[in-house]
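[1] here is a sequence together with a model predicted from it:
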Amino acid sequence: MTDPASRILYIDDDQALCRLVQRALGRLGHQVVTAHDGDAGVTLARQGGFGAICLDHYMPGADGLETLAALSALPDPAPVIFVTGADETRVAVAALRAGAEDFVVKTPGESFLLLLHRAIEGAVHRAAMRRRHAEAEAEVREARDRAEELAASRALLLQEVNHRVANSLQIIASLTRLQENALADPGARAALASVRNRIAAVAQVHRRLYTSADVRSVALPDYLGGLLTEIGRSVETARIDFTAAPLTVPPDRAVSLGVIVSELVTNALKYAYPGLPEGGPIRVILERHGDAGVLRVEDDGVGGAGAESSAGSGLGGRIIHAMAATIGGLVEFAEGPGSRVTVRFALA
């Protein structure tokens, strides 16, 4: 079977020259098929299987430029080498602008055939390079489309997982509240309320993730704001002010920060204002200092309200320090007046 790259279509009304080209290029490894006018050449070209097409300009009927336009309109056309006379530079330039790959000037002797052979080899090589380039681009596009489809499927799956986890945690929180309401012991009720707030800190993250287009990050102002609103609803006397810089962190860091905020705010609600049934202000402040985040929980109470959670040896303190360690955080406690707990943490 003949290699299509070596199969050449030569279109020229000079039949003697067609035979000469056929013999000369045949000795150089090409199989040359000839046509003696533009219409016949286009008909043969439409059948395909040619590595290159050589096209004369002056022919009866459609001339070379008209035939070139018809060849260029074919699906996946072979490269065209325009053949002109020595005084037809203007025509050759017009052919190149119209899409010809190259041109060769007819001259007496062997030089024309040698130049024609070289032009054919060059055209075939460039066409092969373009095909390989197009195939490579198609493979890249296909791989990218597959990757985008996979990413979309994974994002949808993650959203569904986060949705289910958030719902499951909400059910656990609701059951915890029912148990809390059924107890008479204030200590037991407070312990269950703390557990419920910890559950809410985790559930809020999953709720944010399944409603977000980006499952790789959590906007802290929205997340912590929602968490504080949820904590505030459970305590009628809560007066929580929240100020936040626009920070985003990965979901696991958001969970750790949410648990820390939950512990500190819950502790301040319980202990900061023992003589005030109506409670007092609690301020939660989130800032950015360079490449680090700074979280502060403050109150104007009796002082020492944050000691249990931040510096003490109780469960709250152990949870705070454990969560801070997972995000490279440093916990600082200060008193007078009131209490202030600061957690410095890495953003990435």
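    Okay, I see it.
[2] for the host helix or strand of Arg340, list the C-alpha coordinates in PDB.
    In this structure, Arg340 is located in strand 339-346 according to DSSP states H and E. Extracted in PDB, the C-alpha atoms of strand 339-346 (Å, rounded to 0.1, in the frame of the first residue of the first chain):
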ATOM      1  CA  SER A 339     -10.400  39.000  80.300                       C
ATOM      2  CA  ARG A 340      -8.800  38.700  76.900                       C
ATOM      3  CA  VAL A 341      -7.600  35.500  75.100                       C
ATOM      4  CA  THR A 342      -5.600  35.800  71.900                       C
ATOM      5  CA  VAL A 343      -4.900  33.000  69.500                       C
ATOM      6  CA  ARG A 344      -2.300  33.600  66.800                       C
ATOM      7  CA  PHE A 345      -2.300  31.100  64.000                       C
ATOM      8  CA  ALA A 346      -0.900  30.400  60.600                       C
END
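[3] list of residues touching that strand?
    253, 257, 260, 264, 268, 272, 289, 291-299, 301, 303-307, 309-310, 320, 324, 327-334 (C-beta atoms under 8 Å, 6 or more residues apart in numbering). Placement of C-beta: from N, CA and C, glycine included.
[4] quick check: pLDDT value at the residue nearest the centre of the chain.
    Centroid-nearest residue in the chain: Glu148, 7.4 Å away (criterion: C-alpha atoms, centre = their mean). What the model reports for Glu148 is a pLDDT of 85.
[5] tell me the secondary structure for it?
    When classified by DSSP: H, G, I helix; E, B strand; the rest coil, Glu148 comes out as helix.
[6] check the gap between it and Arg154 for me.
    As judged by C-beta to C-beta, to the nearest Å, Glu148 and Arg154 stand 11 Å apart.
[7] okay, domains of this structure per the record?
    4-106, 235-348 (automatic domain parsing).
[8] tell me which of those sits nearest to Ala173.
    domain 235-348 (11.9 Å; C-beta to C-beta).
[9] tell me the mean pLDDT over the closest one?
    Averaging pLDDT along domain 235-348 gives 82.
[10] quick one: end-to-end length of that domain, please.
    Start-to-end span of domain 235-348 (C-alpha to C-alpha, to the nearest Å) is 34 Å.
[11] returning to what we had before: as CSV, the domains of the chain with distance to His163 and mean neighbour count would be great.
    Formatted as CSV, the domains of the chain follow (distance: least, C-beta to C-beta, whole Å; neighbours: other C-beta atoms under 10 Å):
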stretch, distance to His163, mean neighbour count
domain 4-106, 49, 18
domain 235-348, 14, 18
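[12] reformat those as JSON lines; add distance to Arg164.
    JSON lines is the format used below for the domains of the chain (distance: least, C-beta to C-beta, whole Å):
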{"stretch": "domain 4-106", "distance to Arg164": "51"}
{"stretch": "domain 235-348", "distance to Arg164": "15"}
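[13] what about these, which gets the closest to Pro221?
    Among the domains of the chain, the nearest to Pro221 by C-beta to C-beta is domain 235-348 (3.8 Å).
[14] which residues in the protein form strands?
    Counting by DSSP state E, the segments of the chain that form strands are 7-11, 31-35, 52-56, 80-84, 102-105, 218-219, 239-244, 248-249, 281-289, 292-299, 330-335, 339-346.
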